[in-house]
Structure formats: C-alpha cells, structure tokens
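In: Please work out how this folds:
(chains A and B)
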Amino acid sequence: MVVRAMTPLTIKTNTEDHFIAKLAAIAIVLSIIEFFLPSPIPGVKPGIANIIILYTLVKFNLQTAVWVSLIRVFVSSILVGSLMAPTFFLSLFGAISSLIFLFIFQKLPKKYFSVISLGIIAAFGHILGQFFIARIWVIPHDSIFNLLPLFLISSLIFGVLSGFITDTLLEHKTNRLPN
Amino acid sequence: MKKVLPFIKTVKLGDVLIIFMLMGLIIFIINKSWNTPIGQYLKIEKNNEPPKIISLNQIKEEEIAGLLGDSNISIVDGKARFSKAPCTKKYCIHQGWINKVNQTIVCLPNQITISITDGSESYDSVNY
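Out: The predicted model follows:
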C-alpha cells in the first residue's frame, strides 16, 4: 500500500475576491442585525444590506454586486437557520429580482440620477420578486395583492433612505476600503 | 436645517421624477386592489362537501351543521356574517359582515368557510 503525502490544497485568490469577501461579511452582519430588529408589520424590514449592494455596484461593477448579494443570502440564512425554508426562497428571489432591476437600470445617466434612484429601484425589485414567488408558491391566492401597496410604500421610503446612506458613504472623506 | 442640506444636495431631478412616478403607481395599485367590487353570491364550504352557493339578494338565516354543531349564517342587505357558532372563542362572529368579492370568514373549530364570489367560478382543475 502506497501512502501518498497530502499535497496542501491552495486556492488562488485575487484582490477582487478579497473585496467581495469583505463586503459580503459586512452585508451578512447587517442582515443578521436586521433579523433581530422588531418590526411593526411582519415582513416590513428596512433592508439595510441593500446599502452594501448599492455601494458595491457603484464602486465596482454588477458582477461583484451579484457575488456579494448571493453570498449574503446564503450565509445569512445558514446563520439564522432558515436555509431551504420559505423565507430563504423569498429572500433569494427578492435578491435576484433586485439585481435584475439594477442590471436594467444601472446605465441611468449620472447627471440626472443619483444613487437614490438605484436604491429605490433595488428596493422595488426586491419586493416585486418576493411577491411574485409568494403569489406562485407560498400563498397561491390573489388576496395577497392587498398587501402589495403597504410593502411598496415601505420599500419607497427605505429605498430613498438606503440610497441616501450609500451616497453619504461614497462621498465620505475617508472613503477607502480596508486592506 | 444643516442636517437636511446634504439630502437636498444629493437628490437630483431624475430621483424626484422616479419617486413621483412610483407614488403614482402605488396610488393606482391601491385603487385597484383595495376597491374590490361587491359580490352577489355567498359560497359556503364545509369539510369534504361540495360548496353551496346562495344569493346575497335575500334575507335569510342559514343553518349549517358543522363538526361541533350548528352555525348560523345570516344574510341581510347583500351582506353576510356568522350570527351563531358553537365554538368557544367566536372569532368568526367577531369578523363581522362581509360583502366584497374574495372576502372570507373561516371558522376553524366548526370547519365552515364562507366567502363572497361574483358568480364566475374558476375550475379546480382541467383534464384533457
């Protein structure tokens, strides 16, 4: 019997991977904090991890934002304990639809549209994706659309807020990523 | 004022446009989804039995035998409600009157569901 020496497994990473990891870590922490925030209406959440996604989109590109967003969804659901539960799929499809909306609208002229527009679009995309999957799979009844205006209003408010916070982050004097 | 200033500086014309467009969309959706039409028929569903559909344009006291006992459903002025129930908590009675399409009252202990329809029933399933 031949005993082979174990060759250490090495994965080559570049600086972009490191940025993705750091940004995803911040996003995960924010979504865990959000999970423990009490909410007056079940389901209405501020979506603070959206700030990190917007920041990544503006600072890097959409591909990096997709990585950060999907890592956030998977890891935060593992930590919270809702992996493969309905909430996980709602969160996943919300994130995917939010990214699709950002993909469509990311080329808005910078002269007339600030990050606030992107924040609102991302929040709206998140809610619409969640409602789509909720209507098809979780609660297959039309009466669920009675809740839609409530969620759209909250997503408008929190979209403006997260867009504004992202803008402040981008404009900040000490605006550099930790190395 | 000093705290509000950076916000005003950040907002651009397109942002205001998007906010107003989405507000319009929200108002449109509220009008559409919170103004359901008034229904003409009441559908009474009981465990393992075909639904019974009766008109709302009558004054009637319907007695339905459920799992625990008799529930009374009263129909007055095109509205319907549970008026008597054998359950302990009487949630179905406290739901009050319903008259709009898709409004539903469920009595879980007695296994009776009433809902308003406009007469156009969709199929449960279609087989070719």
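In: Got the confidence number for whichever residue of chain B sits closest to chain A?
Out: Closest approach between chain B and chain A, counting by Cβ to the nearest Cβ: B:G14, at 3.8 Å. For glycine as for every other residue, the C-beta is placed from the backbone atoms N, C-alpha and C. Note for B:G14: predicted pLDDT of 89.
In: Residue numbers of chain B in contact with chain A?
Out: Selection of chain B residues close to chain A by Cβ under 8 Å from any Cβ of the partner chain yields B:6-7, B:10-15, B:18-19, B:22-23, B:25-26, B:29-30, B:33-34, B:102, B:104.
In: Make a PyMOL selection of whichever of those residues turn out to be buried.
Out: This is the PyMOL syntax for the buried subset of the residues of chain B next to chain A, where burial follows 16 or more other Cβ atoms under 10 Å in any protein chain shown:
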select buried, chain B and resi 10+11+12+14+15+18+19+22+26+30+33+102
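In: Doesn't B:S71 lie inside a strand?
Out: Yes - using DSSP: H, G, I helix; E, B strand; the rest coil, the assignment for B:S71 is a strand.
In: Just confirm it contacts B:C107, I think it does.
Out: Yes - using Cβ atoms under 8 Å, B:S71 is in contact with B:C107, at 6.2 Å.
In: Do a quick rundown of the helices in chain A.
Out: A:15-36, A:49-59, A:62-80, A:86-105, A:115-133, A:148-171 (DSSP state H).
In: near chain B, which residues of chain A show up?
Out: Applying Cβ under 8 Å from any Cβ, we find that chain A lies next to chain B at A:108-109, A:111-117, A:120-121, A:124, A:142-143, A:145-146, A:148-149, A:152-153, A:156, A:160, A:163-164, A:167-168.
In: quick one: low-confidence ranges for chain A?
Out: Low-confidence segments of chain A (pLDDT under 70): A:1-5, A:173-179.
In: Now B:P37: closest residue in space that isn't a chain neighbour?
Out: Leaving out its chain neighbours, the residue that sits closest to B:P37 by Cβ to Cβ, 6 or more residues apart in numbering or on different chains is B:V101, at 5.5 Å.
In: Could you spell out which stretches of chain B belong to which domain?
Out: Domain ranges of chain B: B:1-35, B:41-117, per automatic domain parsing.
In: which of these has the lowest average pLDDT?
Out: Among these, domain B:1-35 scores lowest, with a mean of 83.
In: Now do B:Q58: how many residues are near it, please.
Out: If you count neighbours by other Cβ atoms under 10 Å in any protein chain shown, B:Q58 ends up with 9.
In: and it, what are its phi and psi?
Out: The phi/psi pair for B:Q58 (degrees, to the nearest 10) reads phi -160, psi 170.
In: and the gap between the nearest residue to it once chain neighbours are set aside and A:H126?
Out: Sequence neighbours aside, B:I75 is the residue nearest to B:Q58 in space, at 6.2 Å (criterion: Cβ to Cβ, 6+ apart). B:I75 is 43 Å from A:H126, where distance means Cβ to Cβ, to the nearest Å.
In: And for B:G14?
Out: Noted for B:G14: a distance of 20 Å to A:H126, by Cβ to Cβ.
In: burial count for residue 35?
Out: Assuming you mean chain A. Count around A:F35 with other Cβ under 10 Å applied: 15.
In: Switch to chain B, please.
Out: 8.
In: Phi, psi for it please.
Out: Torsion angles at B:N35 (phi, psi; degrees, to the nearest 10) stand at phi -120, psi 60.
In: And for B:C107?
Out: Taking degrees, to the nearest 10 as the convention, B:C107 sits at phi -110, psi 100.
In: That one pairs with what?
Out: With DSSP bridges applied, B:C107 shows beta-bridge pairing to B:I112.
In: my guess is it contacts B:L67, does it?
Out: No - look at B:C107 against B:L67 with Cβ under 8 Å: they stay out of range, at 9.5 Å.
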